[in-house]
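Asker: Next come a sequence and a model predicted from it.
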Amino acid sequence: MRFTRTSKMLSVAAVAALSLSACGGGSNEEAGTASGDNDAVIVVDGSEPQNPLIPTSTNEVGGGAILDLLFVGLVSYDADGATQNEVAESIETDDAQNYTITLKEGQTFTNGDPVTASSFVDAWNYGAAAKNAQLASYFFESIEGYDEVSAEGATVDTMSGLTVVDDTTFTVALAQPESDWPLRLGYSAFFPMPAAALEDPATYGENPVGNGPYKFASEGAWQHNQQIELVPNEDYEGPQAAQNAGITFKIYQSDTTAYQDLISDNLDVLKIIPTSDVKNFKNDLGENSIESPYAGNQTIAIPYYLPNWDGEAGKLRRQALSMAIDREEITTVIFNNGRTPAKDFTAPVLDGYQSDLPGSENLEFNPDRAKELWEEAEAIEPYDESEPLTIGYNADKGDHKTWVEAVVNSVKNNLGIELSGKPYATFKEARTEATEGTLTGALRAGWQADYPSLYNFLGPIYASGAGSNDARYDNPEFDQELSDGLAAASVEEGNEAMNRAQEKLLEDLPAIPLWYQVAQGGWSNNVNPVEFGWNGVPLYYAITGK
Amino acid sequence: MAWYIVRRFLQLIPVFLGATLLVYFLVFSLPGDATAAICGERGCTPAVVAGLREQYNLDEPFWIQYLLYLKGVLTFDLGTNFSGRPIATIIAEVFPTTARLAIMALVIEAVFGILFGLVAGLRKGKIFDSSVLILSLVVIAVPIFVLGFLMQFLIGVKLQWTSPTVSGDATFTELLLPAVVLGLVSFAYVLRLTRTSIIENVNADYVRTATAKGLSRRRVVSVHVLRNSLIPVVTFLGADLGALMGGAIVTEGIFNVNGVGNTLYRAVLNGDGPMVVSIVTFLILIFCLANLLVDLLYAWLDPRIRYA
C-alpha cells in the first residue's frame, strides 16, 4: 500500500481515536472528553439528496451521507471499513446461506417506536417489491424470494427468505451461499424503518425518523438546496455517538464555491477539493488538509462488441493499451498525487486486497512490451484503422477531460495508434449507451464501494449479465471463481477466491484499471483535525470544535 | 388603454402554447434516457426502470406526454420533478431569491448607470467622460465569471467584508455582492446608452427653447433632457429585468445562490423535462410582463405615445 506521510499520521490518530471511543463506552459525555469542544455545531459541505430520504430509494452519495447519520443498520463500518455490531446482537450462520439475526434489546427510533425484527423485514420487503420502484432494490437480490417480488407486475410483496421469529430475532435465507453477505448489512439499503415510513413514504422521506447517532433538528430541517440541519440523537448508544452539538450540511452547487467558503472559515469541513485548487490546497490550508485513500477506483471499460477488441487479438490489444499508460506520471502531474496507480480491480483499503496478484504486471507502464503485444495482435488480425478507439467521459459532472486527454496522449506516444477522447454532454447520455450496449468506444467508469468487500468491485461490474457490466464481459471461469468466493465458508477463503477471479480479469482486461481514489479534503480553523473513513466520507460524528 | 392591456394579456396565450411546445420538444429530444440519470452509475433493475417510466409518463409518445403536461398546467398542477417534489413548490422557493437579486441588480445598474451617463453626457470629452468610457469598456470586455470570481475572492475571502457565498436566507447584505456583479455589465450599457442619448438631446431645439425661456439649468436637464433621453434606456432596462429574473446561471453558480438559474441548470443536467419546461415557461411569462411594463412606461415618458 502506498500512503502519504499525512495519512500515516492520521491512521495513528485513527487508532487512537478508536481506542478512546472504545474505552468511552459510547455514551455522549464520555466519548468526547478526549479533546475539543463538544458543543460546536459543525457546518459541512453536502449536495442535495436526489431522492426522498428513504434508505431504499437512495442510490447516490448526497443522500447517502445524511442517511448514514440518521440511521444505523445491523452493523456499521469503522474508519478502516471493519464491521462492528450496531443494532445486531449477533449474526449467526453455519452454511453462509441461512442466517439468524438477533437484535439488541431496547433500541428505539427517534419517534419512540421500538426497533424490532419487523422494522428490518418490512423495510427490506418494501425496498425489494417492484411496485415501490425503489432505486436500491437490487441490494436485496441475494435473498430468497427476491426474484418473485421484484419482477415486473409482481403480485407477491414479501420475500420468502425473511422470517420474523420474535421481536428481536429474524432469519434470512439466501438463494445461494454468500459469505460476504453480513458485510453488506451496514449499507443504507439495509437500514430499518419505523412502521410510519411504510404507511406514508412521501411524508416520511421529507422528515425521516431513524435510529442513528443524529436526527433532524426539527420538522422541515431539510431546506431543499440550502441546508439540512442535524442534531445528536441522545438515545443512541453505540460506537458512533456524536461528539459535537450537530452537523449542518450546507448544500453547494459547485466545489469551487464551497472551497471559497472553507478558506474564509465560513464552512468547517470540505470533503472534495475542486480540481482547480488541487495544486494549491495544501498551501492554502496547511495542517488543515488531508489526503486519505478510500475504497474507490477509476477504470476504462472497453466493450467486447467493438470490432477491434474481441477475441485473442483483442486481449493482446487490451494488454498493450494498459501497458502504454504511464499511470505514475499522470497521477503525479494531473492529480498532484491525489490518486495512486492501480494494481488490481479493487481498492487498497479493503480486507483481502493484494497489490501483487499474478497479472498485475499488465498494469505496469512498459512501452516496449506494449509495442510487442500490439504487433502480436496485428499478426493475428490487423487493426481496423477506420474505427480508432475513443475514450468516452461525461462532461457535466466531475472533471474528467484532463485525465482522459492525458491517457490518450500517453497511449498515442507510447503505442503510436490513433485515439481520442469523446465527451458526452451529460452523464445520462453516456449511461444510456452503456446500458443499451450501443457504445462506439471505451467509457470511463468510476466505482465507489457501497460496502467494504472485494466482491462489491467485481460482481456488479464483471459478472456476466450484471447490471453495470458495460464491457459485456462474459467469462464462465471468472463467474465460477466469484460464486466459489461467495460460497466460501469464511471471508478469508472467499477473498482468496475473489483474487483468483481477479487474475482472470487482469489477463482479459475487460476494463483497464487506472488508479485508486484518494479523498482530498480540508477543514476550517474552527474545528480539530478531521478523519476520513474507508469510503472517503469524513467521520462526521467525531468532529469537534476548537 | 384598458383594452390595450387586455389584448396584450390575450397575446400571452399563443406565446405560452408555442413556448411550452418548443421547450418540451427540445427536452424530449435530448439524447439519453431520463431514467439513466435517476439510476446513476450503478443502474436500476428493469422493474424499477419500468416503474419510473410509468411514474413520469416517459413510456408515452411525445404528443401524449405534452398533452398530459398541458392538462396538468391548466389544472394548476405542474407535477413533480425527478426527485418527487412538486414543481410549483420549488419555483415558489427559489423565485423570491432570484427576484430580490434581480431587483437589487436592476436598481444598482439603473441608478449608477443613469447618473454616470448623465454626468458624462453633459461633460462630453472631459476627463470624467473619458475615464468612465474606458471603465465601461473594460467591464463589458471582461467575462462575468472573471468579475464574479475576482470580487468573490477579494471581497469575500481576502477582505472578508461579506460572506463569499449566499446562505439559504439570502439576506440583503449577502446578496449585495452578487447583485453588484450581476448589475455591472448592464451598468456599462446603461451608462453608454444614457450618455449617447443625452449628447443627442442636449443640442435639440426644445432644449434651446427651454433655456431661452429662462428655465434654470437644473430644470432643463432633469425635466427636458433627461426625461426624453430615458426612452432607449428604459427599453433596455425592461428587457434586462426579464433576463435578470430568468436567473443568472453563472452568477448564481459562483455565489451559490439558490435561485431560478441554478435550479434550471440542475434540471437541464438531469434531463428533468417537466421541471425545465415549467421554469422556462414561467420565465417567458415574466419576460412578456416586463415588456408590457416597458411599453406602458413609454406613454408616461413621452406623452405623444398613446395606446388604444
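Answerer: Looks like it arrived, so ask away. Residues are numbered from 1 along each chain as shown, chains lettered A, B, ... in the order given.

Asker: give me every residue that touches the residue in the stretch 151-300 of chain A that chain B sits nearest to.
Answerer: Residue of the stretch 151-300 of chain A nearest chain B, by CB to the nearest CB: A:Q226 (3.1 Å). Quick note: C-beta positions are derived from backbone N, CA and C, even for glycine. Applying CB atoms under 8 Å, 6 or more residues apart in numbering or on different chains to A:Q226 gives the contacts A:K250, A:I251, B:S167, B:G168, B:N258.

Asker: isn't the last one right next to B:F95, touching?
Answerer: So that's B:N258. No. Contact criterion CB atoms under 8 Å: B:N258 and B:F95 do not qualify, at 10.7 Å.

Asker: Comparing the two, which shows the higher neighbour count?
Answerer: B:N258 (24 against 20; other CB atoms under 10 Å in any protein chain shown).

Asker: Which secondary structure element is home to the residue lying closest to the more buried one once chain neighbours are set aside?
Answerer: Of all residues not flanking B:N258 in the chain, A:N225 sits nearest, at 4.7 Å (CB to CB, 6 or more residues apart in numbering or on different chains). Following DSSP states H and E, there is no helix or strand that holds A:N225.

Asker: Repeat that for the one 4 residues further on.
Answerer: Secondary-structure assignment from DSSP H and E places A:E229 in strand A:227-232.

Asker: Quick one: mean pLDDT for that strand?
Answerer: For strand A:227-232, the mean pLDDT works out to 96.

Asker: Would you mind writing the CA trace of it as PDB?
Answerer: As requested, the backbone C-alpha atoms of strand A:227-232 are provided in PDB (Å, rounded to 0.1, in the frame of the first residue of the first chain):
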ATOM      1  CA  GLN A 227     -29.100  23.100   4.100                       C
ATOM      2  CA  ILE A 228     -30.000  20.100   6.200                       C
ATOM      3  CA  GLU A 229     -29.700  20.500  10.000                       C
ATOM      4  CA  LEU A 230     -29.000  17.500  12.200                       C
ATOM      5  CA  VAL A 231     -28.700  17.400  15.900                       C
ATOM      6  CA  PRO A 232     -27.400  14.500  18.100                       C
END
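
Asker: Spit out the contact partners of the residue nearest to the residue of the stretch 151-300 of chain A closest to chain B when sequence neighbours are not counted.
Answerer: Residue nearest to A:Q226 in three dimensions, not counting chain neighbours: B:G168, with 3.1 Å by CB to CB, 6+ apart. Applying CB under 8 Å, 6+ apart, one finds that B:G168 lies in contact with A:Q223, A:Q226, A:Q227, B:N258.

Asker: Distance of the nearest residue in space to the third one that is not next to it in sequence relative to A:D277?
Answerer: Closest residue in space to A:Q227, ignoring its immediate chain neighbours: A:K250 at 5.1 Å, by CB to CB, 6+ apart. As defined by CB to CB, to the nearest Å, A:K250 lies at a distance of 18 Å from A:D277.

Asker: Beta-bridge partners for A:L443, please?
Answerer: A:A301, A:G392 (DSSP bridges).

Asker: Find me the pLDDT at it, would you?
Answerer: Taking A:L443 on its own, its pLDDT is 95.

Asker: just A:A16 next, same as before
Answerer: pLDDT, read off for A:A16, is 42.

Asker: Same question for A:S11.
Answerer: 43.

Asker: With A:G25 instead?
Answerer: pLDDT at A:G25 comes out at 36.

Asker: looking at it, A:V407 is touching A:A324, isn't it?
Answerer: No. At 9.3 Å, A:V407 does not count as touching A:A324 under the criterion of CB under 8 Å.

Asker: that older thread, can you name the next helix or strand after the strand holding A:E229?
Answerer: That would be, after strand A:227-232 and using DSSP H and E, strand A:246-251.

Asker: residues touching the residue nearest to the spatial centre of chain A, list them.
Answerer: Nearest to the mean C-alpha position of chain A, counting by CA atoms, centre = their mean, stands A:A449 at 2.5 Å. For A:A449, the contacting residues are A:A295, A:G296, A:A347, A:L350, A:N456, A:F457, A:W534, A:N535, by CB under 8 Å, 6+ apart.

Asker: swap the cut-off to 6 Å and go again
Answerer: Applying CB atoms under 6 Å, 6 or more residues apart in numbering or on different chains to A:A449 gives the contacts A:A295, A:N456.

Asker: I'd like the distance between it and A:N59.
Answerer: A:A449 is 14 Å from A:N59, by CB to CB.

Asker: Then A:T163?
Answerer: 28 Å.

Asker: okay, the two: which has more neighbours?
Answerer: Neighbour count, other CB under 10 Å: between A:T163 and A:N59, A:N59 has more, with 26 against 15.

Asker: Could you check how many residues crowd around the closest residue to that one other than its chain neighbours?
Answerer: In space, and not counting its chain neighbours, A:N59 is closest to A:L135: 4.2 Å by CB to CB, 6+ apart. A:L135 has 29 neighbours, counted by other CB under 10 Å.

Asker: who's in contact with A:L135?
Answerer: A:L135 sits in contact with A:S57, A:N59, B:C44, where contact means CB under 6 Å, 6+ apart.

Asker: same question, B:R208
Answerer: Taking CB under 6 Å, 6+ apart as the definition, B:R208 has no contacts.

Asker: Buried residues, the helix or strand where it lies. List them.
Answerer: Taking DSSP H and E as the criterion, B:R208 maps to helix B:205-212. Neighbour counts using 16 or more other CB atoms under 10 Å in any protein chain shown place B:V207, B:A210 of helix B:205-212 among the buried residues.

Asker: Let me see the mean pLDDT of it.
Answerer: 90.

Asker: same check, this time on stretch A:272-292
Answerer: 90.

Asker: Would you indicate which residues of that stretch are buried?
Answerer: A:272-275, A:277-278, A:281-282, A:285, A:288-292.

Asker: Just the ones of these in helices?
Answerer: Mapping the buried residues of stretch A:272-292 onto helices (DSSP state H) picks out A:F281, A:K282, A:L285.
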